[in-house]
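Novice: show me how the following folds:
(2 chains)
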Protein chains: 2
Amino acid sequence: MTQHPFDVDPWGIGWSGSQSSSWEGDELTHRESVFALSNGHVGWRGMLDEGDPCGTAGTYLNGVFEEHPMPYAEDGYGYPENGQTVVNVPDGKVIRLFVGDEPFDVRAGRLDEHRQFLDFRTGVLQRAVTWTSPAGVTVRIDSSRLVSLTHRAIAAVDYRVTVIDGDAEIILLSEIVANEPLPQVHPDPRVMESFDKPFIAVDQVVTGDRATLLHRTRRSGIGVAVTKDHRISAPESAAVRTEAADDLARTTVSVRLAPGDSIRLLACVGHEWSDSLADAALRDRAEAAVESAMRLGWEGLAREQREYLDAFWDCADVRIEGSAHLQQSVRFALFQVLQSAARAEVRSIPGKGLTGAGYEGHTFWDAEAFVLPVLTYTAPAAARDALRWRHSTLNHARRRAEQLHLAGAAFPWRTIDGRECSGYWPAGTIAFHINADIADAVVRYTRATGDEKFERENGVEILIETARLWLALGRWDDRGGFHIDGVTGPDEYSALVNDNVFTNLMAQKNLRAACDAARRHSDRARDLGVTDDEISRWTTAAAAVHIPFDTERGIHPQSAGFTEQERWDFDRTSPEQYPLHSHFPYFDLYRKQVVKQADLVLALQFAHEAFSPEQTARAFAYYEALTVRDSSLSAAAQAVVAAWVGHLPLAMEYLIEAAAIDLDDLHENVDGGLHVAALAGVWSALVRGFGGMRDGAEGLQFAPRLSPPMTGLSFGVRIGGRTLRVDVESEAATYRLASGTPLTLRHFSETHVVEPGAPLRLPIPELADPGPVPSQPAGRAPKQLAGHE
Amino acid sequence: MTQHPFDVDPWGIGWSGSQSSSWEGDELTHRESVFALSNGHVGWRGMLDEGDPCGTAGTYLNGVFEEHPMPYAEDGYGYPENGQTVVNVPDGKVIRLFVGDEPFDVRAGRLDEHRQFLDFRTGVLQRAVTWTSPAGVTVRIDSSRLVSLTHRAIAAVDYRVTVIDGDAEIILLSEIVANEPLPQVHPDPRVMESFDKPFIAVDQVVTGDRATLLHRTRRSGIGVAVTKDHRISAPESAAVRTEAADDLARTTVSVRLAPGDSIRLLACVGHEWSDSLADAALRDRAEAAVESAMRLGWEGLAREQREYLDAFWDCADVRIEGSAHLQQSVRFALFQVLQSAARAEVRSIPGKGLTGAGYEGHTFWDAEAFVLPVLTYTAPAAARDALRWRHSTLNHARRRAEQLHLAGAAFPWRTIDGRECSGYWPAGTIAFHINADIADAVVRYTRATGDEKFERENGVEILIETARLWLALGRWDDRGGFHIDGVTGPDEYSALVNDNVFTNLMAQKNLRAACDAARRHSDRARDLGVTDDEISRWTTAAAAVHIPFDTERGIHPQSAGFTEQERWDFDRTSPEQYPLHSHFPYFDLYRKQVVKQADLVLALQFAHEAFSPEQTARAFAYYEALTVRDSSLSAAAQAVVAAWVGHLPLAMEYLIEAAAIDLDDLHENVDGGLHVAALAGVWSALVRGFGGMRDGAEGLQFAPRLSPPMTGLSFGVRIGGRTLRVDVESEAATYRLASGTPLTLRHFSETHVVEPGAPLRLPIPELADPGPVPSQPAGRAPKQLAGHE
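Specialist: Numbers count the residues shown, from 1 in each chain, chains lettered A, B, ... in the order given. Down below sits the predicted model:
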């Protein structure tokens, strides 16, 4: 049983450290990830202001990467030649502090207080420190840091030092530091050599207390401008000097303070990048952004941040009664999901957001399959922007499809800029379901928002090109069945399978959505070369998609023949042998019944219309016994279906586990950043799972139920420009619309209309006996976590 | 239609060049490979004596490799961490010639004659050159080169220069050159960097005209000693000086010659290596080997070479009437197969022998499945040594099995020293059939030779450990069937399949052979921990091995479900898109019916007892239509079964193609060395195919038939210490034994006994109508080659 190291607070995450706390290794990098700030464009890991001790330095700009040749022991056709890896850009958050001639260091002198608090309502990371230097001078540091949700390019630090005891010269070095080392993000040490000083210095400009560093990445040729400007308040005039060299800009402030005196330094940092803009244009943009932020000052930036978040929480907040832990977890999750995407603006949502360099900064299907369903119903503009990013990469995807001798578009399994970066095709390129996942996200977004402009400009084209892919990929059997052979589904412990049920059902939805969109936007479809004949082929294929079913067991096999495979010998697998892929060869995992992460169970959720309640319950139980959850994507997906089939205590256990993945570092890899999709899963487990929310062609449905310790649940769902709030008690659920047009929804199986201003309170029917609780492989039951009573 | 560039000669390969011939690129490297000399321990590519022009420098010592870290874009459990690559060792064959102050160069001055001839009977590569220097001095060069079959460490050059016209100082620089560059043998350029100067100079010794260079490989730490000694005959005393530096030893000979005068230089080069011997011991061994060779002199070495080859050809020769091309091809094939293994002595037989650095110098299943069946019946001692090498790697194979959580031994898919070097597991590690192929070679060798000592000391252990592997790898179904799931068979256009028929049948034979050997050598089996219970599990598994059969089509599928897969669209595949693996992604090849190389057809040959004649004929026709022959291993295998099912003209076409693979550079990759297994296939196509030879538990069978242009065929088969010679005419076959005990064999389906000295002439029954000739995919019929009429 682990205990998460943070203070429990409904609206924030706090950590109080002391000199005996761990200031190194996993514990430090874990905090740096949890305290990361981002707006989707700029990401600052939660390192200490002073730069040391530091676990993993990280300042990321969404889209800035360095290329490297992909290493292969044996080459093959269609293997991507170049990889892309996020790099740590010039870092403007460092403010080094010297008290007299001694550097501030939590590990030296005496640390009386060290508290960090990430406030979900203000969007500010606060820090309060009381420290006595080895020479006996006591100072207090109050710093506040934000990455602006209203000024895309801006991050700022409000740094105050007060002398409590003693008399000292205080020196602050406020810096931009370039070419800090990147952590080990690629298994090949020779690839890592490409990231030794990835930036070439192009130019430095100093004007007053403002400095700009201009760099360019060595291979990918991306230009990055970082500008840092300062405002200083001190009791007497401080000596200030700013200078810049290739990889360092530094503003040095020194002032003599008597006890009770303070110095306050506001540092605003602007970040711009481009692979096409001239250096001067980049520099000007960064400086203009800083100019405008400096005019607002800290208070102005902080006020806008608060207003932005107030609006977000007003719609999106999920309130939980009965568990302070869960309350904190779901708000942390929503806050981080928002941070990953709020201002990404036609950039991707990486698997780790901008909180770490894990997975090389790549974006996967996680974005569309896990994160966008949450954003669609809580911050729809961010969902739209992420889909517009996918749309912007269509040409890369078309070329990839052509290279694979397919048609339409084949989106990459992992990428930063839209080109395939997956170096292991059995669990990469051929996980073609990502294309249907993207199509599904398009349909969901369009349906939930009614955003016609997006659909015409972006949605239709994605739907059509992905439908073309499925038709090229599939095969017809003699009896007119349509099969998709030789692909990999969501579960990475299977590969190169035929008729993966998840893939086939999602492809079917994709084909149908393309028909529908092409008919509704026939001019757009015509421009894209769609003929009636093509639409009729999609229709026929969609109707003919083969969904294998094991009649003997009454179970949908994950893919053709899956239920005939040998079962993994769980009894002979020791706890230390998990995750299995680190201890067993892939071929052995692939040929046996063992599931890394929800696959058929994800189909039960994403394509729920295709399964009867009995099939759903039986399949859930069957796959529970095979699922080892070696992926952070699984627990929340299992929670949803567990709740749907009535195993509410089990659903709660999975929800609690999902909520702990990052806060408790369950997978011991949060040093690489947060698991944004797993965080999104916390919302899904609550809203889709316990809220029983299903979306689809037939509109929104809810079938809410509580389970201990949760005694109340309230969540907001953005739908067609209005916010539906659902308040769940144990016996009834109340649906409310503050404004807008009436909304038709289903509560359990009955259809109701919710009128604005007229809350609708509906009773929750009694839960039918769900039968015996499904069991998991030995040792793979949901983690039992302390603090959740 | 291509025309092979060599002179047709029944006992050799000749090439006559002129100044207008190509002295660069593929044509040059092709000749260097074809003229390569080797004894299995030392290999010298057929570069010109003078070292330039040179295509691919290459002097190889069997077992000398350099290690490199294996590059992976994405890591996985059980992936080999280190690769091994053959390196070009210090090269002692260079004798640079200067005529006056001008270097001899075929491309300068005037070249009146340049002839090279590789003589299969003498084992000598001869060269005769008449050249006039730019300054007008005409010289004749006669050189003879051999790699000794009787002195393992020795290669020698007999180099003579005669002044024909003019008066000149002749200078010879006889050298050992270390750290010559290696050609591109690995797809990753960064791996190739590991091979930039792989040798560290350790020591140099000069004594008189003899020099020794001692080196050690940088990572693998293998010591290599090369000694070169000289004997000089000239009309007047020549000035001779020998000196040595780190990477160069040089003996400089200068002499003034009048017209008609000659200088003769004998250079003997000794090669030793070790990963454990001290430097001094290595040096002494190389020098002692040279000492003994110098005592014999050129004439002595050449005499021993001739005697060795006389003995070989006496047993092994295959004589063909009606086709000078085929006659040459089969002798070239036998000569090169012998060269690859004659003195390997407990070292591997690499895929390219010691003729080039292709496939990084690795050994594959080729050795046991294709080369050893030939050696077993033509040079059994070499077959035994190769199997003893496998036996010597058992500890590596046991550790690999353990790493894969299997049991017994898992031999590597590709290796130099016995450790797995396959960096793409779907067509590497999981091609487990290699283990049964090795077991099969053990059984064949033991049966053909009656070598009890080998069986006790080596064979039993291999059979037992591989049987254990199969039992660990297989699974039992509910009905008691034994399945082998998730493996790759011989065909590399399928992977990760269940119940590959070839694999299952070979595993069955392996299990049965292990039972048999364990019972006959029960003390050895007991030492290896074999219990009666274990033997009975092998027996049960062997009997229960599942062999899938497609009853609808009356065909054995290559593996479970294969015949249900989509057929490759051959009509839409253009000729430039072959080989398919260079133009299509693996997943698409894997999921469709398309065959790179004989797989089920190889099962028809290797496990012929398992198929009825009707099944064989039908399966052959079925797979012909799917087989694209993108592997050099395929044509000969198809030839054998084509002959067996009575399609003799088709068999002849495949035989002709197989014979042309290296001599005509059909795959355009002979620069990396010869395809030893494909060469072995020429023998197989003739002896197994046209000779109708089948071996197995029931003894030797023959069913010989001729086909135009072949009007007569005679071959020798070593069996139980005696040589059976089979002379095939169109109407009858004659079996003879010169000496030894009587031999029981089957001629077609009748059993006969051949008595020594009493040739048995038996009529060949008329060929039943084999039905329509099977067709191949469009454009993939056997190559039509000129010169075969």
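Novice: mind listing what's buried along stretch A:610-627?
Specialist: Across stretch A:610-627, burial judged by 16 or more other CB atoms under 10 Å in any protein chain shown covers A:610-611, A:616-624, A:626-627. C-beta here means a position set from N, CA and C on the backbone, and glycine is covered the same way.
Novice: filter these down to the ones in strands?
Specialist: Nothing among these maps onto strands, per DSSP state E.
Novice: between those residues, which is closest to chain B?
Specialist: The nearest member of those to chain B, counting by CB to the nearest CB, is A:Leu626 at 15.9 Å.
Novice: OK, contacts around the residue lying closest to that closest one once chain neighbours are set aside?
Specialist: Spatial nearest neighbour of A:Leu626, chain neighbours left out: A:Val595 (4.7 Å); criterion: CB to CB, 6 or more residues apart in numbering or on different chains. The contact partners of A:Val595, taken as CB atoms under 8 Å, 6 or more residues apart in numbering or on different chains, are A:491, A:493-494, A:558, A:623, A:626-628.
Novice: next step: those restricted to helices.
Specialist: Members of the contacts of A:Val595 lying in helices (criterion: DSSP state H): A:Tyr623.
Novice: quick revisit: in the sheet, who's paired with the residue nearest to A:Leu626?
Specialist: Beta-bridge partners for A:Val595, by DSSP bridges, are A:Thr627.
Novice: how much space is there between it and A:Pro426?
Specialist: According to CB to CB, to the nearest Å, A:Val595 and A:Pro426 sit 16 Å apart.
Novice: do the same with A:Leu471
Specialist: To A:Pro426, A:Leu471 is 23 Å away according to CB to CB.
Novice: of those two, who's got more company?
Specialist: Under the criterion of other CB atoms under 10 Å in any protein chain shown, the comparison of A:Leu471 against A:Pro426 puts A:Pro426 first, with 26 against 20.
Novice: part of a helix, is the more buried one?
Specialist: Yes. A:Pro426 forms part of a helix when assessed by DSSP: H, G, I helix; E, B strand; the rest coil.
Novice: touching, it and A:Phe587? I think so.
Specialist: No. Counting by CB atoms under 8 Å, A:Pro426 does not reach A:Phe587; the two are 10.0 Å apart.
Novice: can you check which residues contact both of those two?
Specialist: Residues touching both A:Pro426 and A:Phe587 (CB under 8 Å, 6+ apart): B:Pro426.
Novice: for the nearest residue to A:Ala514 once chain neighbours are set aside, what are phi and psi?
Specialist: Excluding the flanking residues, the one nearest A:Ala514 by CB to CB, 6+ apart is A:Ala467, at 3.4 Å. The phi/psi pair for A:Ala467 (degrees, to the nearest 10) reads phi -60, psi -40.
Novice: so who does A:Ala467 touch?
Specialist: Counting by CB under 8 Å, 6+ apart, A:Ala467 has contacts A:408, A:439, A:510-511, A:513-515, A:538.
Novice: quick check: buried residues in the host helix or strand of A:Leu111?
Specialist: Element membership for A:Leu111, per DSSP states H and E: strand A:110-119. Applying a neighbour-count criterion of 16+ other CB under 10 Å, one finds A:111, A:114, A:116-119 buried in strand A:110-119.
Novice: check which element follows it along the chain.
Specialist: strand A:124-132.
Novice: give the bridge partners for A:Pro69, please.
Specialist: The partner residues for A:Pro69, given DSSP bridges, come to A:Asn82.
Novice: residue contacts, it?
Specialist: Contacts for A:Pro69 were tallied using CB under 8 Å, 6+ apart; they are A:81-83, A:191, A:194, B:189-190.
Novice: now rank those residues by neighbours and give me the top one.
Specialist: Ranked by neighbour count (other CB under 10 Å), those have A:Gly83 at the top, with 28 neighbours.
Novice: by proximity to chain B, which residue of the stretch 351-500 of chain A wins?
Specialist: Nearest residue of the stretch 351-500 of chain A to chain B: A:Gly423, at 2.1 Å (CB to the nearest CB).
Novice: not counting sequence-adjacent ones, nearest residue to that residue?
Specialist: B:Ala73 (2.1 Å).
Novice: still on that earlier bit, which SS class is the residue of the stretch 351-500 of chain A closest to chain B?
Specialist: Look at A:Gly423: counting by three-state DSSP, its state is coil.
Novice: give me the pLDDT for it.
Specialist: A:Gly423 carries a pLDDT value of 94.
Novice: go ahead and confirm it touches A:Met70.
Specialist: Yes. Counting by CB under 8 Å, A:Gly423 touches A:Met70, with 5.2 Å between them.
Novice: quick check: neighbours shared by the two?
Specialist: A:79-80, A:83, B:73.
Novice: at the geometric centre of chain A, which residue sits there?
Specialist: Centrality entry for chain A: nearest residue to the mean C-alpha point is A:Val676, 2.5 Å, by CA atoms, centre = their mean.
Novice: who's in contact with that residue?
Specialist: The contact partners of A:Val676, by CB under 8 Å, 6+ apart, come to A:336-337, A:340, A:349-353, A:355, A:366, A:370-371.
Novice: quick one: which two of those are the most distant?
Specialist: Using CB to CB, the contacts of A:Val676 span at most 15.7 Å, a distance reached by A:Thr355 and A:Phe370.
Novice: before we move on, the earlier item: I'd say the residue nearest to A:Gly423 and A:Tyr424 touch.
Specialist: Yes. With contact defined as CB under 8 Å, B:Ala73 reaches A:Tyr424; the gap is 6.4 Å.
Novice: higher neighbour count, these two?
Specialist: B:Ala73 (23 against 19).
Novice: could you measure from the more buried one over to A:Phe6?
Specialist: B:Ala73 is 36 Å from A:Phe6, by CB to CB.
Novice: state the pLDDT value of the nearest residue to A:Ala258 once chain neighbours are set aside.
Specialist: Nearest non-adjacent residue to A:Ala258, counting by CB to CB, 6+ apart: A:Asp167, 5.6 Å away. What the model reports as pLDDT for A:Asp167 is 87.
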